[in-house]
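S.K.: quick one: sequence plus predicted model below, questions after.
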Amino acid sequence: MACRISELVIDAADPERLAAFWSDVLGYAELGREDDGSIEIGPPGAGFGGPQPTLVLSPTADPRPAKLRLHIDVSPTDRDQPAELDRLLALGARPADIGQTGEESWHVLLDPEGNEFCLLRRRLDPA
């Protein structure tokens, strides 16, 4: 038997803001809220345990201490990479310079709270 990723938990100063951002990026919907202020988002109609992991935006007052050891990679599903980059920037993502050469096939971005993620070139089936 094996494991699979069921959810990713991201600490957030403003869970509401990050939930809205990542819902727009991924086409996710809000699945629930906890008493501690955590917000879970995931694929509409599937939710926790579905084929894609859900995201839990968990409130924290601790500032980000350093570069995260894990980041999210996203791939476009219904447009090419340049068009998806424009969409992500319009949603509030910002370009990040982490020492890229300019020859990479991906774009390094920051979400509204400064968490790094990458937009890959390869287009994926949305399913």
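M.R.: Great, that's in hand.
S.K.: now the residue positioned nearest the centre of the chain, what's its secondary structure?
M.R.: When Cα atoms, centre = their mean is applied to the chain, the residue found nearest the centroid is Trp22 (5.0 Å). The three-state label given to Trp22 by DSSP: H, G, I helix; E, B strand; the rest coil is helix.
S.K.: these two touch, right, it and Leu55?
M.R.: Yes. Assessed by Cβ atoms under 8 Å, Trp22 is found in contact with Leu55 at 5.6 Å. For every residue, glycine as well, the C-beta is placed using N, CA and C.
S.K.: anything in contact with each of those two?
M.R.: Overlap of the contact sets of Trp22 and Leu55 (by Cβ atoms under 8 Å, 6 or more residues apart in numbering) consists of 28, 41.
S.K.: so how far is Gly102 from the residue nearest to the centre of the chain?
M.R.: 27 Å (Cβ to Cβ, to the nearest Å).
S.K.: check Glu16 too.
M.R.: Taking Cβ to Cβ, one finds Glu16 at 35 Å from Gly102.
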